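> My questions concern the predicted model and sequence given below.
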Amino acid sequence: SATDLEAGRRAHELDRAHVFHSWQAQALFQPMTVLAASGSYVWDGDGNRLIDLSSQLVNTNIGHQHPAVVAAIQEQAGRLCTVAPQHVNDARSEAARLITELTPAGLDRVFFTNGGADAVEHAIRMARLHTGRTKVLSAYRSYHGGTQLAVNVTGDPRRFANDYSAEGVVHFMPAYTYRSYFGSTTEEEETERALRHLEDLIVLEGPTNIAALILETIPGTAGIYLPPPGYLAGVRELTHRFGIVLIADEVMAGFGRSGAWFAFDHWDLEPDLVAFAKGVNSGYVPLGGVAIRDEIAATFDERAYPGGLTYSGHPLACAAAVATITAMREEGMVDNAARLGREVIGPRLREIAERHPSVGDVRGLGCFWAVELVKNRETREPLAPYGGSSPAMTELTAALRTGGVLPFVNFNRVHVVPPLNIPDDDLHAGLDVLDEALSVADAHVG
Ligand code: PLP
């Protein structure tokens, strides 16, 4: 309505005057206004309806405004909005029970945080105190969060400007077959060479200094590149052999995104600590946390854990998590995500790849897919440089928006990461728009 458009214009004006945005050059940034969203749709400030193939920052796994979760937040707000973290609270207890039901056996405790970065920070702190060691290994081409230590362990250009006080952080090359650092031409080769590199790095860094190895089970923002067969088992073997705590960062990949509750379920990986956030309650209220293996939790049985947050286990966030996990179970959303990946997104993206020369690679699982764009399929030269954009990517993003799709775009990639319960028709409509928009990218192939 005219009132909504006016409210949007006013919000935009105030935003430009007073809001300082994440990761942006403030004066150059042109944010989109969103005052309303429902299911897989968002409406922009001009009243256009867009299909949300981004799930915002890949967090609205149950879509926008799920009625059961909205009701649970309202009910909790009417009863008890907040409580200090040291007190027992029913929403928090139940959220912890439900989460530990989903994590591997032997991870029976949860430390709640406000989001993913602080979950990563606390997981590393626990690993350091548990082992008495300081070094942390993490992968290039990864993202672990924007706070100091989380951005230090990140392997993404956002780290560069923040790379001080990174004591003990050592990066390794992950297995990434499409752009193999090791010159591999097959997945088997990539697994073998990436594991040999990791073992060498551990030996050269001094195994008895290394507290933890952190990795995204399926790296998200860095490109949804799936671990080749045997890679995660090899990482688990190395971390066991050298007494290193294995931290799985499931902030983006977890809670159904990949068509399993956790991405590590696809490879029967059993990590020691699991960092989660985003999908745990679809981000309706900020929440993250660490699921902790019993032996590590026991380190803090007689000795105080030196860490905490005013809002650890916030009742509104935990009530939202309980309702989200319950709705996901009742509505079979994780199986649906697996089906959408297998029957809709995968086949359609492969077919799209055949017709568009700008598509270098498509890969993913469940509702977690990347389309990697190139100038040339033989050389695999990316359509935008690492860490940057290009006119081709800017035009493609604009064409997607004009076509009615809100995409997730990073460097030379478009990610197809819709809510797990997106109706098939909407998903097809969104993929039709992608198909059409890719002709813009094809024009830059040379
Ligand atoms: N870890 C991963 C894998 C992520 O994708 C993100 C956010 O995108 C984070 C950690 C950081 O989470 P937050 O932004 O909630 O701090």
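Thanks, I have it.
> who in the stretch 101-250 of the chain is up against the ligand?
Contact residues of the stretch 101-250 of the chain with respect to the ligand, defined by Cβ under 6 Å from any ligand atom, are listed as 115-117, 120, 143-145, 216, 220-221, 249. The way it works is simple: take the backbone N, C-alpha and C, and place the C-beta from them, glycine included.
> mind putting the residues you listed in JSON lines, neighbour count, secondary structure and pLDDT included?
Output for those, formatted as JSON lines (neighbours: other Cβ atoms under 10 Å; DSSP: H, G, I helix; E, B strand; the rest coil; pLDDT from 0 to 100):
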{"residue": "115", "neighbour count": "21", "secondary structure": "coil", "pLDDT": "98"}
{"residue": "116", "neighbour count": "30", "secondary structure": "helix", "pLDDT": "98"}
{"residue": "117", "neighbour count": "23", "secondary structure": "helix", "pLDDT": "98"}
{"residue": "120", "neighbour count": "30", "secondary structure": "helix", "pLDDT": "98"}
{"residue": "143", "neighbour count": "25", "secondary structure": "coil", "pLDDT": "98"}
{"residue": "144", "neighbour count": "31", "secondary structure": "coil", "pLDDT": "98"}
{"residue": "145", "neighbour count": "24", "secondary structure": "coil", "pLDDT": "98"}
{"residue": "216", "neighbour count": "28", "secondary structure": "strand", "pLDDT": "98"}
{"residue": "220", "neighbour count": "28", "secondary structure": "coil", "pLDDT": "98"}
{"residue": "221", "neighbour count": "22", "secondary structure": "coil", "pLDDT": "98"}
{"residue": "249", "neighbour count": "33", "secondary structure": "strand", "pLDDT": "99"}
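> Can you name the element that comes right after the helix or strand harbouring residue 138?
Assigned by DSSP states H and E, residue 138 belongs to strand 135-139. Tracing the chain C-terminally past strand 135-139 and defining elements by DSSP H and E, one meets helix 148-153 next.
> pLDDT averaged over whichever helix or strand comes after that following helix, what's the number?
Per DSSP H and E, the first helix or strand lying C-terminal to helix 148-153 is strand 169-172. Summarised as a single mean, pLDDT over strand 169-172 is 98.
> Please name every helix or strand in contact with strand 169-172.
Using 3 or more Cβ pairs under 8 Å, 6 or more residues apart in numbering; DSSP states H and E as the contact criterion, the elements in contact with strand 169-172 are strand 135-139, helix 148-153, helix 187-205.
> So the residue nearest to the spatial centre of the chain versus residue 142, what's the distance?
Centroid check for the chain by Cα atoms, centre = their mean gives residue 252 as the closest residue, at 2.0 Å. In this view, residue 252 and residue 142 are 11 Å apart by Cβ to Cβ, to the nearest Å.
> shared neighbours of those two, anything?
Taking Cβ atoms under 8 Å, 6 or more residues apart in numbering as the contact criterion, the residues that touch both residue 252 and residue 142 are residue 216.
> where's the residue nearest to the centre of the chain, which helix or strand?
Per DSSP H and E: nothing holds residue 252, as it lies in no helix or strand.
> Please report phi then psi for it.
Backbone torsions for residue 252, taken as degrees, to the nearest 10, come to phi -100, psi -40.
> And for it, nearest residue in space, chain neighbours not counted?
Across the structure, with Cβ to Cβ, 6 or more residues apart in numbering as the measure, the residue nearest residue 252 apart from its sequence neighbours is residue 220 (3.5 Å).
> wait, doesn't that neighbour sit right on residue 253?
Yes: between residue 220 and residue 253 there is a contact at 6.2 Å, judged by Cβ atoms under 8 Å.
> and for those two, which residues touch both?
Both residue 220 and residue 253 are in contact with residue 368, where contact means Cβ under 8 Å, 6+ apart.
> ok, back up a step: okay, the helices and strands packed on strand 169-172, which one's buried deepest?
Each of the helices and strands packed on strand 169-172 was assessed for mean neighbour count using mean count of other Cβ atoms under 10 Å. The highest is strand 135-139, with a mean of 24.
> So what touches that strand?
Applying Cβ under 8 Å, 6+ apart, the contact partners of strand 135-139 are 124, 127-128, 144, 153-155, 168-174, 198, 201-202, 205-206, 209-216, 219, 244.
> try it again with 7 Å
With Cβ atoms under 7 Å, 6 or more residues apart in numbering as the contact definition, strand 135-139 has outside contacts at 124, 144, 153, 155, 168-172, 174, 205, 209-215.
> quick revisit: next one: the residue nearest to the centre of the chain relative to the ligand, how far apart?
Computed with Cβ to the nearest ligand atom, to the nearest Å, the distance linking residue 252 and the ligand is 4 Å.
> dump the residue contacts of that residue.
Counting by Cβ under 7 Å, 6+ apart, residue 252 makes contact with 58, 220, 278.
> how many neighbours does residue 49 have?
13 (other Cβ atoms under 10 Å).
> Next: residue 361.
Residue 361 is flanked by 19 other residues according to other Cβ under 10 Å.
> next one: residue 160
By the measure other Cβ under 10 Å, the count of residues near residue 160 is 10.
> And the residue nearest to residue 252, how close does it get to residue 81?
As it turns out, when the distance is counted by Cβ to Cβ, residue 220 lies 32 Å from residue 81.
> Check residue 269 too.
The span separating residue 269 from residue 81 equals 38 Å under the rule Cβ to Cβ.
> just residue 388 next, same as before
Distance check for residue 388 against residue 81: by Cβ to Cβ, it reads 43 Å.
> And residue 148, by the same measure?
Taking Cβ to Cβ, one finds residue 148 at 30 Å from residue 81.
> element containing residue 319, please.
Under the assignment given by DSSP H and E, the secondary-structure element containing residue 319 is helix 315-330.
> Correction: the previous question concerned residue 444.
Under the criterion of DSSP H and E, residue 444 resides outside all helices and strands.
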